[in-house]
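1. Sequence plus the predicted model coming up.
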Amino acid sequence: MQQDTWTHSIPIEIKHIFISPAHNFVGHDFEAPDHHPAHEVASVEAVAGKGLRGDRYFDHRDDYIGQATFFSWEVFQDLEAAASSPLRDPSVFRRNVIISGLPLKDLIGQRFAIAEVVMEGTQHCKPCRWMDKAYGAGALASLRGRGGLRVKILEGGTLRTGAATLYAHLPLDPHEAATPIPAPNLP
């Protein structure tokens, strides 16, 4: 990846990376969810066109729009502050990369890079109806417009937890990290 081709660099932090070998909620509309844990890793290989090695969506299907998912740490903090019994693990959201310092909604339809990994934000990661069960009452409503970001991996590499820089072709305001997508624009 040639970093000098990007017009903006934004300091971020990857708080957590999770992979899970199987689904808990997909395909369980009329039955109880499964209990496949999301494993926290310090780094993960992002493979172009396939996703995150070891995750349930790795090589799911050609040109899949959700090869990896991102979730905002700031949104998680909002939920924790409002929860009657906070201190849940952010893995309950079943998103791969928990990231701090940028508004994920602004990356929909945009190319961006972290380290050598180049990605394209494909769509809002709409929270599923299981969020109240996975996190707690009110989570689904609170996540409306802030469920995360689905991405395609365009150029592979390694994502690692810790401080990083996100490269993009647009300015991003870290103060907007927990701001939802406006209702008329929601999928």
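-> Now that the structure is in, tell me what you want to look at. What you are looking at is a predicted structure, and each value in this text was computed from that prediction instead of being measured.
2. mind listing the helices in the chain by residue range?
-> Using DSSP state H, the helices found in the chain span residues 73-82, 131-134, 139-142.
3. and the ones you listed, which one's lowest on average pLDDT?
-> In terms of mean pLDDT, the lowest-scoring of the helices of the chain is helix 131-134 (a mean of 72).
4. What is that one packed up against?
-> helix 139-142 (3 or more Cβ pairs under 8 Å, 6 or more residues apart in numbering; DSSP states H and E). The way it works is simple: take the backbone N, C-alpha and C, and place the C-beta from them, glycine included.
5. hang on, the earlier thing: with distance to residue 17 added, can I get the helices of the chain in TSV?
-> Written out in TSV, the entries for those read as follows (distance: least, Cβ to Cβ, whole Å):
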stretch	distance to residue 17
helix 73-82	12
helix 131-134	19
helix 139-142	21
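6. pLDDT weak spots in this protein?
-> Within the chain, the segments meeting pLDDT under 70 span 1-4, 22-36, 84-87, 183-187.
7. gap between residue 171 and residue 6?
-> Residue 171 is 12 Å from residue 6, where distance means Cβ to Cβ, to the nearest Å.
8. Quick check: the gap between the closest residue in space to residue 53 that isn't next to it in sequence and residue 108.
-> With sequence-adjacent residues excluded and distances taken as Cβ to Cβ, 6 or more residues apart in numbering, residue 53 is closest to residue 45, at 4.3 Å. Applying Cβ to Cβ, one obtains 25 Å for the distance of residue 45 from residue 108.
9. and if you look at residue 14?
-> The separation that residue 14 has from residue 108, given Cβ to Cβ, amounts to 19 Å.
10. who does the one residue sitting closest to the centre of the chain bridge with?
-> For the chain, residue 70 is the residue whose C-alpha lies nearest the centre (Cα atoms, centre = their mean; 1.0 Å). With DSSP bridges applied, the residues forming beta bridges to residue 70 are residue 97, residue 149.
11. from what I can see it touches residue 159, true?
-> No - between residue 70 and residue 159 no contact is recorded; they are 10.2 Å apart, counting by Cβ atoms under 8 Å.
12. which neighbours do these two share?
-> Counting by Cβ atoms under 8 Å, 6 or more residues apart in numbering, the shared contacts of residue 70 and residue 159 are residue 97.
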